[in-house]
Structures are given as structure tokens and as C-alpha cells.
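Undergrad: Sequence first, then the predicted structure:
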Amino acid sequence: MKTIEVQGLHKSFAEIQAVRGVSFSVEQGEIFSLLGPNGAGKTTTISMLCCLLRPDGGDALIMGHSICKDPMGVKSVLGVVPQDIALYEDLTARENLTFWGKMYGLRGSALTSRVNEVLEVIGLADRAKDRVAKFSGGMKRRVNIAVALLHKPKVIYMDEPTVGIDPQSRRNILDNVVELKNQGMTVLYTTHYMEEAQELSDHIGIMDHGEMIACGTHAELVRIVGELDRISLLVSKLTTHTGSETMLQDLRGLPGVHQVDLEDETITLLVADGHQLLPAIFEVAAVQRIKITRADVLEPNLEAVFLQLTGRALRD
Amino acid sequence: MSKVFDIALKDLTRSLRSAMALMFMFGIPLLVTGLFYLMFGSRASQGEFNLPRTRLVIANLDTDAPRLQSSSGSVPGGIQANTMSELVVNVLRSEKMADLLETSVVPDAASARSAVDSRQAQVAIIIPNGFSRQFADPYGLAEIEFFQDPTLTLGPGVVRSILSQFMDGLAGVRIVVNVAMDELDPAEYGKVAQIVQQYLDTSPMNEEDLAESLLDERLATKPESASQQNARSLIRILGPFMGGMMVFFAFVTASSSAESLLREQEEGTLQRLFTTPTLQSIILGGKFLAVFLTVLVQITVMFLAGRLIFGIAWGALSSGIIVAFGIVLMAASFGIFINSLLRDTRQGGVVFGGLLSLTGMIGMMSVFAMNAPEAGNLGNTVSLLVPQGWAVRGILQLLDGVTGTPLVLNTMVMLVWGTVFFSIGVWRFNKRYG
């Protein structure tokens, strides 16, 4: 059963097209990651899906509720974890959770017991009476997530929840996300950390310049780059045109090399086994008297997929 | 609907936990009023101490005044006088006034004004020629020129208060005489004196010594100590001052409280609220209600503090509630309106500092000019150009014991201001978040 169905979403801000015809779907109980660099349109897409922004075109159904026609229906089945911590720092953790619980329609003993439950889940029951302002960044992040879980939503959006926190808190949050999935929740997760998407996701959508440029499981996406290793060589500025051309020809002649390209001072090779081929590559460079200042071997992963599809690294 | 109150109570809680907000809501207005009180009040409470005597010069130019018909015994307080203008002079020079006034008489108006200009006197009273005649004329306009050192407030205020009450009392007698003359046959004119005596007997001011009751409440039949008299006089001045402070800071609080909308927008909590299944109208309604509640708490506490700490009599409770209601609605709406014009909280600091100071000061002009008659009228008029002026006017009405239509009308004007501000503010915020 599809929990989220997104069809041709468009959104522009003045002259800038932030989202251009994005479509994807998410099955119930899945973690779907939207991966892309900053400014790719992930947050705008999420904002439309939680009815903060009205799309210029297209629609999306969340548990059967249209974001255009039934926004209150969408909001009632949805939990949202915003990118930045959105809490009242001058209220205590319990006061924050109680207030947000009320906003999700919880009242009385149901609210009290749910707040207690959630405080236990995030491990802050003993700090419930402390003001959020006194919490560390990681603790605030946990309360930030807890707010979205109060009303036991069917779908939860998490917009880059691990930005700017320490590794331990990050690990804690990633474990929580997996736990949510195990409880049957559908999670829509945005990140620009490839490793997170790779570790968590059942399906991944890669966005760039407002478009969904690839979508599938990790294995499906890796197949795009043909399961070849990518070697990136940064060569000396002293390299002459003639010298580099000769070197490229020699590299193409090596066994297992499928493709060789030169851009500025970087030579990129697609090869069957990068680590095995490295000594031969340095030998060619030595013969041609070309100095290699840096060599990177990139095994097939989402970074490589993004590089293959856009010609840029994910973190550029 | 209960979500509206949840949001409002959350905001109110946050406001009351903010040291800065508390300082502006209660701390500064009470501190300033307290300092003012201590500057004068502590002196007033020192048993033997009196307010410094006000140096008063009188120029009585009323040379061809008709003689009073009454015997000296019927002149209020038994004060001897042959003419109405002489009565005024003698009352101000009486022994009863010696604690408050140091009175001297000069032969002409120029000398009187010159005495004030050269600071030999603080107040000059010039009784023009024809004053008594005008007073005796049923349609006449009897005027006294009041000339004061514009840098002073207390002394001239005391003189003005004495003179006003005295003249009001005499005007009452004149009305009684006029009515009696209209109603009686000429043959019965002899009864006029008897009617006047009856009026004096039933007048709440007339106890055993009319002059004393006319002069000042502090000289009324129930004797008060000098310190009590001075404290009472001080409170008369302190009331408007604290009222002005209260209004000024109510507007500051309202603007600061309404700024929470912009703050929440910047902190991301407003957007998060919009992702919950809560209508935008409820979210904004809750935020607006919080502003009203915050100002309501402030005004209530300040009224109580004024009464309990400084002994200010704010008038009848029902009148106080009406005026407080108008001030709360107008100030809160003003705060919402101002914030709806701002893009972010950084603009708020500049706008609040400038706009609220300017409008607040203009609004308080009627307080500043209370004891300066020439500036007073202008001050009252100019202050009404800004909403704070109407709020201050409401407070002054309370302190003057005004009730009924004038009080309600002033509150209605505040409600109109409030409605306009609120409508524009709501429209702009709805447009922004819609």
C-alpha cells in the first residue's frame, strides 16, 4: 500500500524554479530518503508535503489525503521534524511536549501518559522539568523529534535531523529512525549525507536543481555507474598538453580501464578494480614525468552515482 | 477552540518568565513612580515637614468694584472683605494659607509678572479691573490671570488647586443668587440672603467654616496632620504621573508581546505550529489573545500597585474597569498592528525605540502640562493625536472622579482606535501567512 504518492510537484519563487515536476511514491513502513546537495529542492518538497507551501502544480496524497484539497487531513496523520530545532527554549521539556501534544489534539490523561512515554523513549524523563535552553544540542534534537511522535503519526517527515550534531547524538537519531520503521511508521527522510541515506533507506530519491534525477533502491542506483570503480587523479600544473595526451593514451591501454577523461587538472578513470590498478597508473605517470599530487579511488556508491549523473560531487 | 487558550497561555507563561519583559511590564514603571514618590513622599512623611511655601504675588486692579452687600459675618470663614476681589486676596492671605503660601500684594500687573520673571515669586495672580462687577453680572465672565514660573509644577499646582476650589464655591453661590433673583418677586429680594444661607447649610462644603472647606480638602472640618496634607497633595500629582507611566509601558509591553509572532517565525516554531492540525485562524487568534492577556495582567497589577503602594485613588471600580478595558484593547491592538508592519525582530528594536518613545511622549503631554495652563490646552489637544493620549485621558478622568458619558465616550474612542489597529494587523498577518 502506498502511503505517500507524489505526482508532478512544481514550486517557483519569483524567477527561481525550486521544484520541477518531482514525482515519487513511498510504501507503508518504508524509509524513503531524499538525497541531494544544499539547494536541491528537498526542503521545498517537504514543505509542500506538510502543507506549509502550496504547490504551483501537481499534487500529493498522504494516506489518501490530498495536500491541495485536504491539508488538515494530511496534518492529522503526519509528524514533522523540522531541519532546525523548533522548540520553546524557555519552557521545560515536559511543557514543550504537553503544548505540542495539545496542538495535535491530545488532552487529559491520554496526553499526560503519552508525554511520559515519549520522554522515556528519548531518554529525558529525568530532565523533564529542565528548561530546554539548558539542554545540549543533541538533547534538543531528541526533544525536537519527540514532538513529532506525540500523536503516533502514520507518516513522519524528518528534514535533515542530524545537521550540526555530535557523532553520538547522530547515531542515536539514526537508531531512532530505524526503530520508527520497525514500529510500522513510514519515514520520509531528507539528507545531504550519502552515508545516512545508504544506511537507512529502503528507497532513495536523488534530487538536484529541483528535479528528481534518480530514484530506486541502493542497489538499483549503484547499477547506474555499472559497478565500476572511479579513480580520480589530480595532476601537476606543469603538465604540458602533449604530455597529458600521451598519458591519457597510455592509461587507456592499461588492462581493466573502461573510460578515461581529462577535465582541467583532473583525470578520471572508470576501472574494474581501482586498488589493483593504482601501481600501474603511477608507473605510467613516472614514465611521462607527470606528477600526481592526489589519487582517490571511489567504489560504486551514491556519491559515485551523483557524480555520474551530474558531473559534480554531492558536497560541491 | 481550546487551542486558542493553549497558545495564549503558553505565550503568557513565556512572557512572565522573561526577566526583560517583567522589567518593562512592572519594574521600570514602578521604579520610576517609586523614585518620584521617594523624592517628595519621604519628605512629606517627616512629621513637621511641609511642602516649601509657594511665593505668591497678587495684583488687585479691581478698583471700582461694587461693595459686597453681606455683612462680614456672612462672608465665608468670617474673612473681612468689601469687594469680591478683596475677598479673593484676603482668602489667599489668610492665616489658614500661611503654611502653604507666602503671599504679598503688588500695585500693578507689571510688578506681579516681573516678580515671577525675576524668580522672587513662583506665581502671580492678577485680578483685572471689573472682576467683581463681572462676577455680580449674571451673564458676566469673571476672569483672573494666572502667571507662573513655567519650570515649576508643585507650587503653582497648589495655588491653582486652592484658587479653583475657592472660585468654584463662589460660583455656586452666584448661581444660587441668580436663580433666586429670577424666581422671586422684586419685593421678596430680601429673602436672597436667607436662600444663600440655606444653600451654604446644605452644601457638602459648608460645615462650620465655608472658607476652609472651599480652600482645600486638607483644610476641611476633619483635621489632618501637615504630613497627611502634604502626602495627599503629592498623591494628586503622583496619580497622573503613574497613570502616564502605566500607559506608556502598556504600549511597550503590547508591542513586545506581539513581537512573539515574528520571534516564533524566526525560531521556526510558528512554521511547526502550521504543520499541526490547527487552523491558521486559531493559531493567530491564540497569539493575539496572548497579547491582550499580557497587557491585562500588567494593567491590573499596576492599578493595584498604585493603590496599595502609593495610595492612589483610581476612582470607582466600575469606571476603572471600563478605562482599563479600553486601554488593554487599544494597546494590544496597537502592538499587533505595529508588528504586522515589520519584517523581522531586528526592525522591531528600531521601530519600538523610536515610535513608542515618540507617541508615548506625545500621549503624556497632557500629564506634563497639567500645571501649566497655557501649555495645558495645547498639550491636551496634541496628546489626543496618538492613541496613548486617549488612554492617558481616561486615567486622568478616573483620577478626577469623572463617571458616566464622558468616561464611556473616551473609552469608545479607544475601542475605535483598537478596532482599526486590530483589523489592519489581522489583515496583514493573514496575508503574510495565508
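TA: Structure's in. What do you need?
Undergrad: and chain A, which residues reach chain B?
TA: Neighbours of chain B within chain A, by CB under 8 Å from any CB of the partner chain: A:50-52, A:72, A:75-76, A:78, A:80, A:82, A:84-88, A:90-91, A:95, A:99-100, A:102-105, A:147. For the C-beta atoms, the positions are set from N, CA and C on the backbone; glycine is no exception.
Undergrad: Now the phi/psi pair for the residue nearest the centre of chain A, please.
TA: Nearest residue to the geometric centre of chain A (CA atoms, centre = their mean): residue A:191, 2.3 Å. Note on residue A:191: its backbone torsions stand at phi -160, psi 160 [degrees, to the nearest 10].
Undergrad: who's it bridged to?
TA: Per DSSP bridges, the residues bridged to residue A:191 are residue A:35.
Undergrad: What residue spans form the domains of the chain?
TA: Assuming you mean chain A. A:2-223, A:228-299 (automatic domain parsing).
Undergrad: think we crossed wires, I meant chain B
TA: B:2-42+B:230-433, B:54-224.
Undergrad: highest average neighbour count across those?
TA: Mean neighbours per residue, mean count of other CB atoms under 10 Å in any protein chain shown, is largest over these for domain B:2-42+B:230-433, with a mean of 19.
Undergrad: and the nearest residue to residue A:164 once chain neighbours are set aside, what does it touch?
TA: Once flanking residues are discounted, residue A:164 sits nearest to residue A:137: 7.0 Å by CB to CB, 6 or more residues apart in numbering or on different chains. By CB atoms under 8 Å, 6 or more residues apart in numbering or on different chains, residue A:137 lies in contact with A:164, A:165, A:166, A:169.
Undergrad: Isn't residue B:148 up against residue B:158?
TA: No. The criterion here is CB atoms under 8 Å, and residue B:148 misses it with residue B:158 at 11.1 Å.
Undergrad: what about chain B, any weak spots by pLDDT?
TA: B:40-51, B:68-80, B:189, B:192-193, B:196-197, B:199-235, B:371-376 (pLDDT under 70).
Undergrad: ok, back up a step: narrow the contacts of residue A:137 to those in strands?
TA: Using DSSP state E, the subset of the contacts of residue A:137 located in strands is empty.
Undergrad: Dump these into JSON lines; add pLDDT as well.
TA: JSON lines is the format used below for those (pLDDT from 0 to 100):
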{"residue": "A:164", "pLDDT": "77"}
{"residue": "A:165", "pLDDT": "79"}
{"residue": "A:166", "pLDDT": "82"}
{"residue": "A:169", "pLDDT": "81"}
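Undergrad: Buried ones among the residues you listed?
TA: A:165, A:169 (16 or more other CB atoms under 10 Å in any protein chain shown).
Undergrad: Tell me the one of the contacts of residue A:137 nearest chain B?
TA: Chain B lies nearest to residue A:164 out of the contacts of residue A:137, by CB to the nearest CB, at 14.2 Å.
Undergrad: Without its sequence neighbours, what residue ends up closest to residue B:84?
TA: Residue B:84 sits nearest to residue B:132 (CB to CB, 6+ apart), 3.9 Å away.
Undergrad: Also residue B:430?
TA: Ranked by CB to CB, 6+ apart and with sequence neighbours excluded, the top spatial neighbour of residue B:430 is residue B:284, at 7.0 Å.
Undergrad: Pull the distance from stretch A:69-87 to the chain's centre.
TA: 19 Å (CA atoms, centre = their mean, to the nearest Å).
Undergrad: correction: stretch B:98-110
TA: The answer for stretch B:98-110 is 28 Å, by CA atoms, centre = their mean.
Undergrad: Alright, calling it a day.
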